[in-house]
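Participant: sequence-free structure coming up:
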């Protein structure tokens, strides 16, 4: 069960019995459906979204489920109140917030809400969440163990620390660009059987933090993803500050059925948009 939910934003929420407890948070994202699933039927006449007119699609109530969908991403400082009324029960308040890249970085796709921690369904849901978390931790430990002995990750760490002189890489070219959120300076390096790229990112946004969501390295002709070593100076770059991201590509990534091919490096920021695309030519593989 946990394996089937590995990539889904499903979590268990137990409601507090304390009368002064803060409303539990539900993390929502633009054009992503979030479903709150309760133990009993929901009263649609008394369930409502406060202050979200025009920002959300019409709130849906289907039996024991409440369906939410923001029309666009919420700003970092925005929050909306959702009041869910169970049939023959009180209204339950929830606070709708955008995902936090420094904490929970993804939206809730399904939230299983329980008042009784001891019920069978509550214990099963909590057990599945626990197993999913354990699997994630095991995978992360395995990844970190592999990276500890990885030459490419060690080189990426040196580049991130701006210690190029301690690596076999030589500068090939510089490039730069900017948008409303970030200014980026890039450097492409040639190495001995390897290539590397360093991004220096400055967060230009007044209040929103910047972070790298993912990196993809693909062939320009086959779009098959290749392995790449990545290191960054900070997980999150706060407004007005800068960070460095170092990436190292082994020469084997340039091979496609025994023939050298060009690659395309794509870096995605926290909101899923592409921040940079860099073409890497096989000529970067120095001898």
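Facilitator: On my side now, so go ahead. The model shown is predicted, which means the values in this text are computed figures rather than measured ones.
Participant: now the element after the one helix or strand in the chain whose mean pLDDT sits lowest, going C-ward?
Facilitator: Scoring the helices and strands of the chain by mean pLDDT, DSSP states H and E places helix 120-148 at the bottom, with a mean of 60. Of the helices and strands lying after helix 120-148 in sequence (DSSP states H and E), the nearest is helix 151-160.
Participant: for that following helix, packing partners?
Facilitator: strand 194-203, strand 229-232, strand 242-250 (3 or more C-beta pairs under 8 Å, 6 or more residues apart in numbering; DSSP states H and E). Where C-beta positions appear, they are placed from N, C-alpha and C, glycine not excepted.
Participant: which strands or helices does the last one pack on?
Facilitator: Judged by 3+ C-beta pairs under 8 Å, 6+ apart, strand 242-250 is in contact with helix 151-160, strand 194-203, strand 212-219, strand 229-232, strand 263-269.
Participant: low-confidence ranges, this protein, go.
Facilitator: Applying pLDDT under 70 to the chain flags residues 1-8, 101-105, 116-149, 287.
Participant: got the domain ranges for it?
Facilitator: 3-145, 151-286 (automatic domain parsing).
Participant: rebuild those as JSON lines, extending it with mean neighbour count.
Facilitator: Putting the domains of the chain into JSON lines (neighbours: other C-beta atoms under 10 Å) gives the following:
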{"stretch": "domain 3-145", "mean neighbour count": "15"}
{"stretch": "domain 151-286", "mean neighbour count": "17"}
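Participant: closest to residue 176 out of the helices and strands packed on strand 242-250?
Facilitator: strand 194-203 (9.1 Å; C-beta to C-beta).
Participant: given that closest one, what are its sheet partners and their directions?
Facilitator: strand 182-192 (antiparallel), strand 242-250 (antiparallel) (DSSP bridges).
Participant: who's in contact with the first one?
Facilitator: Residues outside strand 182-192 that contact it (C-beta atoms under 8 Å, 6 or more residues apart in numbering) are 155, 159, 164, 167-178, 195-205, 210, 248, 269, 275-276, 278, 280, 283-287.
Participant: helix/strand/coil for the nearest residue in space to residue 227 that is not next to it in sequence?
Facilitator: The shortest distance from residue 227 to any non-neighbouring residue, by C-beta to C-beta, 6 or more residues apart in numbering, is to residue 253 (6.5 Å). Under DSSP: H, G, I helix; E, B strand; the rest coil, the three-state class of residue 253 is helix.
Participant: relative to residue 229, how far out is residue 253?
Facilitator: 10 Å (C-beta to C-beta, to the nearest Å).
Participant: before we move on, what about residue 243?
Facilitator: Distance from residue 243 to residue 229, by C-beta to C-beta: 17 Å.
Participant: list of residues touching stretch 211-231?
Facilitator: Outside stretch 211-231, the residues touching it (C-beta under 8 Å, 6+ apart) are 101-102, 105, 147, 150, 152-153, 155-157, 159-160, 232, 235-237, 245-250, 253, 256, 261-272, 275, 279.
Participant: just the terminal-to-terminal distance for it.
Facilitator: Terminal residues of stretch 211-231 are spaced 13 Å apart (C-alpha to C-alpha, to the nearest Å).
Participant: and the host helix or strand of residue 176, how far out from the chain middle?
Facilitator: Assigned by DSSP H and E, residue 176 belongs to strand 170-178. Offset of strand 170-178 from its chain centre (C-alpha atoms, centre = their mean, to the nearest Å): 26 Å.
Participant: that strand pairs with which strands?
Facilitator: As assigned by DSSP bridges, strand 170-178 forms pairs with strand 182-192 (antiparallel).
Participant: ok and the partner strand relative to strand 263-269, angle-wise?
Facilitator: If you take axes from the mean of the first three to the mean of the last three C-alpha atoms, to 10 degrees, strand 182-192 sits at 150 degrees to strand 263-269.
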